[in-house]
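> Sequence and computational prediction follow.
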Amino acid sequence: MVICEALAQLVMKQVVRRREQLGQMSVAGEVIHEFSDYIVGAKMRAGTVAVGDEMVVVRKHACYKARIQSIQVKDKPYERLDVVDSQEIGLRLTVAVNEGAQLMKLPVSLPSIPEERSQELSPPDVSQLIEPEDSLTDTDSL
């Protein structure tokens, strides 16, 4: 099971990096403080973040999804926040995230990662590879 998770994270990291190269994903921030209860301090890049946004956490040897559960700046909670470059904010995420991790975000116009399947990684449709038995010619009657 651990090997499967590691392979899934490796593939996901490659997809994220490729999307970043294509301009389909961007770095939203970096975790600079790690607290308990899935709370982190993050130094963000300019943009908008909102409760419920899906982020992709990228570390040296890991890559996984996390959803924003709450946002806070100087003890004030926000549902949605327009962040300026290098602004530090508090985020509660759905999973634990270590210091140094990058937080990646999809542009609003693109679907989230779990809904999309890469054609390169998808197995071919077996029904297209195997002809139905009814379409095979009967060689015994020849």
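Noted; the coordinates are in hand. Numbering: from 1, shown residues only.

> Show me where this protein has its helices.
For the chain, the helices defined by DSSP state H occupy 2-21, 126-129.

> Output those in a markdown table; the columns should cover mean neighbour count, mean pLDDT and distance to Val31.
In this view, the C-beta of every residue, glycine as well, is placed from N, C-alpha and C. Conversion of the helices of the chain to a markdown table gives the following (neighbours: other Cβ atoms under 10 Å; pLDDT from 0 to 100; distance: least, Cβ to Cβ, whole Å):
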| stretch | mean neighbour count | mean pLDDT | distance to Val31 |
| --- | --- | --- | --- |
| helix 2-21 | 13 | 78 | 16 |
| helix 126-129 | 7 | 42 | 42 |
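
> Is it possible to get CSV of those helices that adds distance to Met44?
Rendered in CSV, the data for the helices of the chain read as follows (distance: least, Cβ to Cβ, whole Å):
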stretch, distance to Met44
helix 2-21, 17
helix 126-129, 45
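
> Figure out which of those is closest to Val95.
helix 2-21 (12.4 Å; Cβ to Cβ).

> how long is stretch 19-30 from one end to the other?
This stretch, stretch 19-30, spans 18 Å end to end (Cα to Cα, to the nearest Å).

> Spatially nearest residue to the residue sitting nearest the centre point of the chain (excluding sequence neighbours)?
For the chain, Val56 is the residue whose C-alpha lies nearest the centre (Cα atoms, centre = their mean; 3.6 Å). With Cβ to Cβ, 6 or more residues apart in numbering as the criterion, Val56 has its nearest non-adjacent residue at 4.2 Å, and that residue is Met104.
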